[in-house]
Structures are given as structure tokens and as C-alpha cells.
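S.K.: With the input below, show me the fold.
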Amino acid sequence: LQPGSVDWGRVEGTPKNKYERVANCNYATKVAKDLGCKLVGISGQDIADGNEKLLLAIWWQLMRKDFMQFLDELDMDQAYVL
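M.R.: Alright, predicted model coming up:
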């Protein structure tokens, strides 16, 4: 969505335990919020636990953000799409 939005120095490449995995997931939610996604009630623990409903909510927000950027590149807004 935006190159350079992830500071790879903060990401544990191969998490050795659950705490490192949750820390990676917390960072992922922080990056998504910084990108403008609305993640109300979703934490890194939910991602680490594999909560499918909340993972789909995050996925949808990222797809929405990407699609809106695509429309902006075409100089279109939602009125043209709807």
C-alpha cells in the first residue's frame, strides 16, 4: 500500500515464542492504523490466535484502502464507482 511503511528492524523475522509473535501482530495492527485502516477492537492477540472474522475485517480494510488509492490515481471518486 505504501512502500516504507514497515520498519523491518522492529519485526522479529522468525518469532521464537508466542510473545514475539504477538509483538509482530501488534506492530502489524499499528502499521494498519497508521495507514488509515479502522481496526476497532482488533489487537495483535486476535491475529496471533487466528480469529478468522477479525482477520477478514483487517483484510477488507487493507483492500478498501488499496482500492481507494487506485481510484485516486485514476482521478475518480466513489460517485463514479457507485
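
S.K.: Return the list of helices and strands in contact with the longest helix belonging to the chain.
M.R.: Ranked by residue count, the top helix of the chain under DSSP state H comes out as helix 52-73. Where contact means 3 or more Cβ pairs under 8 Å, 6 or more residues apart in numbering; DSSP states H and E, helix 52-73 is packed against helix 18-34, helix 44-49, helix 78-81. Bear in mind the C-beta positions are built from the backbone N, C-alpha and C, glycine included.

S.K.: For the longest one, which residues meet the burial criterion?
M.R.: The neighbour-count criterion (16 or more other Cβ atoms under 10 Å) identifies 21, 22, 23, 24, 25, 27, 28, 29, 31, 32 as the buried residues of helix 18-34.

S.K.: Serialize these to TSV and add fields for pLDDT.
M.R.: Listed next are those as TSV, based on pLDDT from 0 to 100:
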residue	pLDDT
21	95
22	95
23	95
24	95
25	95
27	95
28	92
29	93
31	92
32	91
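
S.K.: Kindly list the single helix or strand of this protein that scores lowest on mean pLDDT.
M.R.: helix 78-81 (a mean of 64; mean pLDDT, DSSP states H and E).

S.K.: Any idea how many residues pack against residue 42?
M.R.: 21 (other Cβ atoms under 10 Å).

S.K.: Pretty sure it sits against residue 28.
M.R.: No: counting by Cβ atoms under 8 Å, residue 42 sits too far from residue 28 to count as a contact (10.2 Å).

S.K.: What's the separation between residue 54 and residue 2?
M.R.: 22 Å (Cβ to Cβ, to the nearest Å).

S.K.: Compare neighbour counts for the two and give me the winner.
M.R.: residue 54 (18 against 12).
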